[in-house]
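**Q** sharing a model that was predicted from the sequence below.
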Amino acid sequence: MAKEPFEQFAMPNEVRAFVEQSVAQARAAFDGIANAATRVVLFTPEGHEDRIGTQFNGSFACDNVEATYRQLKERGVEFVAEPQKQPWGEFAIFKDPDGNQFVLSSAS
C-alpha cells in the first residue's frame, strides 16, 4: 500500500494523529459521491500562512447541489448555509476542519 504524503515528514504523534484523522474524515465525507475518485491537495505556500482557514480559490462541480449537500451533511460536513439558487445555477459553501471554505456548485 502506498504511503500517505504526510508520512514522509517527522512530526509529533499528536500532530500525526490529527492529520490521519482529518484525512480519514475527508475520505469518508467524499466516498461514494457520484462514484467519483476525487483527490484534492491543499498546501500553503511559505509566507501565506494567514490564508489558512479562508476561502479556497476553486469550486467543486456536481450535478445536483441539493442532493450532494444532503449526502455530505449526513456524513458530518459543516456547511455555512443551505444551498442557494442563483440565475447561473445553485451553490453551497462548506468547511473543512481548519475552517477553509469550499464552494459546491452546479449550472442551471
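**A** Received the coordinates, thanks. Residues are numbered from 1 along each chain as shown.
**Q** tell me where the chain has helices.
**A** Secondary structure of the chain by DSSP state H: the helices cover 13-30, 65-74.
**Q** what pLDDT does the model give Val80?
**A** Val80 is assigned 92 on the pLDDT scale.
**Q** hang on, Arg51 packs against Thr44?
**A** Yes: judged on C-beta atoms under 8 Å, Arg51 makes contact with Thr44 at a distance of 6.5 Å. For the C-beta atoms, the positions are set from N, CA and C on the backbone; glycine is no exception.
**Q** ok so, going back, looking at the helices of the chain, which has the lowest confidence?
**A** Between the helices of the chain, the one with the least mean pLDDT is helix 13-30; it has a mean of 61.
**Q** contacts only, for Pro45.
**A** With C-beta atoms under 8 Å, 6 or more residues apart in numbering as the criterion, no residue contacts Pro45.
**Q** tell me the pLDDT at it?
**A** Predicted confidence (pLDDT) for Pro45: 75.
**Q** gap between it and Asp98?
**A** Pro45 sits at a distance of 16 Å from Asp98 (criterion: C-beta to C-beta, to the nearest Å).
**Q** so what's Lys85 bridging to?
**A** Lys85 has these beta-bridge partners by DSSP bridges: Glu90.
**Q** and for it, the neighbour number?
**A** For Lys85, the count of nearby residues is 11 (other C-beta atoms under 10 Å).
**Q** go on, the one 5 residues further on?
**A** Close neighbours of Glu90, defined as other C-beta under 10 Å, add up to 18.
**Q** ok, now Phe94?
**A** For Phe94, the tally of surrounding residues (other C-beta under 10 Å) stands at 20.
**Q** for Cys62, same thing?
**A** Neighbours of Cys62 under the rule other C-beta under 10 Å: 20.
**Q** Pro87 now?
**A** So Pro87, with other C-beta under 10 Å, has 5 neighbours.
**Q** what's the answer for Phe91, then?
**A** Neighbour count of Phe91, defined by other C-beta under 10 Å: 18.
**Q** make 306 the starting number, not 1.
**A** Yep, numbering from 306; the last one is Phe396 now.
**Q** hmm, Phe407 and it touching each other?
**A** No: assessed by C-beta under 8 Å, Phe396 is found out of contact with Phe407, at 10.5 Å.
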